[in-house]
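Participant: Dropping a prediction and its sequence here:
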Amino acid sequence: MAPSDSPQPTIDSFMWDRANWTPAESSDRQRIWRNDAGDLMVQQFGREVPRGLPLDWRDAEALRACVTANPSPKLAFVSIDVVTLACGVVAARYVHKEHMPPPSLGMQYVGMLALPFERFFTNVLFAGMEHGTTGTREAVLAATGKVRMQRSDGPPPVLTNEQVERMYDEFRNATPRRLASDDEQWDDLFPQHPLSRVRGHLRGVQETMTVDEVVRRARPFGV
């Protein structure tokens, strides 16, 4: 163990471009920012052994197997990857989607970069919510033949208000599904979609993060 008087990492050991983000909350363990689009950026920091990762987490297949071993009925993973930041630090990158609270029929998209070290960690998360008309990305891509949607047999039935509300409740309570329209290749066509924004925010951290010498000398987590 390092001597108690040796330099220790802090939440400020990790810096990246935060232009256009407004601070909303700050402590030694967590900081929160918001932007004009309503997106949320959160940094978490802990001087403790990371949890929830396999020792061989740098193997993307091992990471995916671990993360999806006990799937949550409340969310669907869009992607689980291992990436190397421009500063040389290796990180786990997750993107998932979940239903927003009623009465919304939209999705909330969450992206996270996890940077685990032997005795500390930091996570950077982004959350973007779907407001207004929902399903536009999916509908446009299907209408233009870029992705396939499930075909229905015949015209849609005429539903009563009660049946419509029941259908909406069933949708909100169902486990979200990863769709072909969630693929990153479509982000340029829908730059204002929350999923596109979240992935753009993640790329910004990957490209601009810097770490101090304490972090550079630290042993990474795992093998």
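Facilitator: Cool, got the structure.
Participant: Check the gap between residue 122 and residue 31 for me.
Facilitator: From residue 122 across to residue 31, the span is 10 Å (C-beta to C-beta, to the nearest Å). All C-beta atoms are positioned from the backbone trio N, CA, C, and that covers glycine.
Participant: Pick out whichever of those two has more residues nearby.
Facilitator: Higher neighbour count among residue 122 and residue 31: residue 122, with 25 against 19, using other C-beta atoms under 10 Å.
Participant: Share the number of residues neighbouring residue 202, please.
Facilitator: 22.
Participant: so what's residue 212 closest to, chain neighbours aside?
Facilitator: residue 13 (4.7 Å; C-beta to C-beta, 6 or more residues apart in numbering).
Participant: Next up, the contacts around the one you found.
Facilitator: 122, 211, 212, 214, 215 (C-beta atoms under 8 Å, 6 or more residues apart in numbering).
Participant: now with 10 Å?
Facilitator: Neighbouring residues of residue 13 by C-beta atoms under 10 Å, 6 or more residues apart in numbering: 7, 45, 120, 122, 210, 211, 212, 213, 214, 215, 216, 218.
Participant: Likewise for residue 71?
Facilitator: Neighbours of residue 71 in contact, by C-beta under 10 Å, 6+ apart: 77, 175.
Participant: what separates it from residue 140, distance-wise?
Facilitator: Distance from residue 71 to residue 140, by C-beta to C-beta: 29 Å.
Participant: In helices, which of the contacts of residue 13 appear?
Facilitator: Under the assignment DSSP state H, those contribute 213, 214, 215, 216 to helices.
Participant: my guess is residue 85 contacts residue 207, does it?
Facilitator: Yes. The pair residue 85 / residue 207 is scored as a contact, 7.9 Å apart, by C-beta atoms under 10 Å.
Participant: shared neighbours, those two?
Facilitator: With C-beta under 10 Å, 6+ apart as the test, residue 85 and residue 207 both reach residue 16.
Participant: what about the two, which has more around it?
Facilitator: residue 85 (20 against 12).
Participant: who's in contact with that one?
Facilitator: 14, 16, 91, 93, 113, 115, 205-211.
Participant: between those, which is nearest residue 130?
Facilitator: residue 93 (21.0 Å; C-beta to C-beta).
Participant: related to what we said a few turns ago, phi, psi of the residue nearest to residue 212?
Facilitator: The phi and psi torsions at residue 13 (degrees, to the nearest 10) take the values phi -70, psi -10.
Participant: Sketch out the helices for the chain, chain order is fine.
Facilitator: 60-67, 136-143, 161-173, 194-208, 213-217.
Participant: and of those helices, who's closest to residue 129?
Facilitator: Nearest of the helices of the chain to residue 129, taken as C-beta to C-beta: helix 194-208 at 5.9 Å.
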